[in-house]
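Colleague: just need the structure, nothing else, for what follows:
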Amino acid sequence: MFTATATATVNGQPCALPLGHPPSATLLHVLRNDLALNGPKYGCGLGQCGACTVLVDGVAARACVIPAQGVAGRDITTLEGLPARHGTGDGASLHPVQQAFIDEQAAQCGYCLNGMVMMAVALLERNPNPDEAAVRRELSGNLCRCGTHVEIIRAVLRAAALMREAQA
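Modeller: The predicted model follows:
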């Protein structure tokens with residue numbers, strides 16, 4: 001039985017985050033094990049690989065190193081919540097970044113994709129017209145061992161174009 005909770009907004013919905021197991025539980029642990037949100041992945045557990053990236057108040061953050069109790073009152077977006085964040089939460093549409101990753105075939109094993117997509121969304125919300133160098137800088141802290149970097153860069157640039165077109 002959980003002894004304490006904190007309220008946060010997760011993917012646009014108010015949510016009670018259980019904090020009683022153990023007090024040092026990370027946001028990643030709560031998202032995956034208690035809320036069944038499997039977009040963020042456990043990679044290194046040190047905040048270095050990017051597989052666990054989520055948006056906290058719109059800023060990319062490594063969920064594996066954030067104490068769950070540290071997000072009380074904050075707005076958390078996971079991969080599953082991106083369509084609603086972009087106003088496409090009809091259940092059938094994807095966020096433009098997600099669609100661009102599919103269109104550009106920017107995955108092999110897919111383990112890094114959560115982090116790559118979430119970092120790309122954070123970048124495009126700050127800078128809707130990045131050049132290739134800006135995309136490379138933003139994604140440089142995310143590890144992909146499969147070698148799909150060229151496709152990933154193309155996908156982010158494609159998503160930027162799609163989002164600009166939608167705004168026009």
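Colleague: and stretch 101-115, how far out from the chain's middle?
Modeller: The chain centroid and the centroid of stretch 101-115 are separated by 13 Å, computed with Cα atoms, centre = their mean, to the nearest Å.
Colleague: what do you get for stretch 118-130?
Modeller: Remark: stretch 118-130 is offset 12 Å from the chain centroid, using Cα atoms, centre = their mean.
Colleague: show the low-confidence segments of this protein, by residue range.
Modeller: Within the chain, the ranges that satisfy pLDDT under 70 run 1-4, 19-21, 87-92.
Colleague: mind listing what's buried in stretch 148-157?
Modeller: Within stretch 148-157, the residues that count as buried by 16 or more other Cβ atoms under 10 Å are 148, 151-157. Just so you know, the C-beta spots here come from the backbone N, C-alpha and C atoms, and that holds for glycine as well.
Colleague: for Ala71, what are its contacts?
Modeller: Quick fix: residue 71 reads Val, not Ala. Contact partners of Val71, counting by Cβ atoms under 8 Å, 6 or more residues apart in numbering, are 6, 8, 17, 27, 56.
Colleague: change it to 10 Å
Modeller: Counting by Cβ atoms under 10 Å, 6 or more residues apart in numbering, Val71 makes contact with 6-10, 17, 27, 30-31, 54, 56-57, 61, 63.
Colleague: isn't Val56 right up against Asp75?
Modeller: Yes. At 7.2 Å, Val56 counts as touching Asp75 under the criterion of Cβ atoms under 10 Å.
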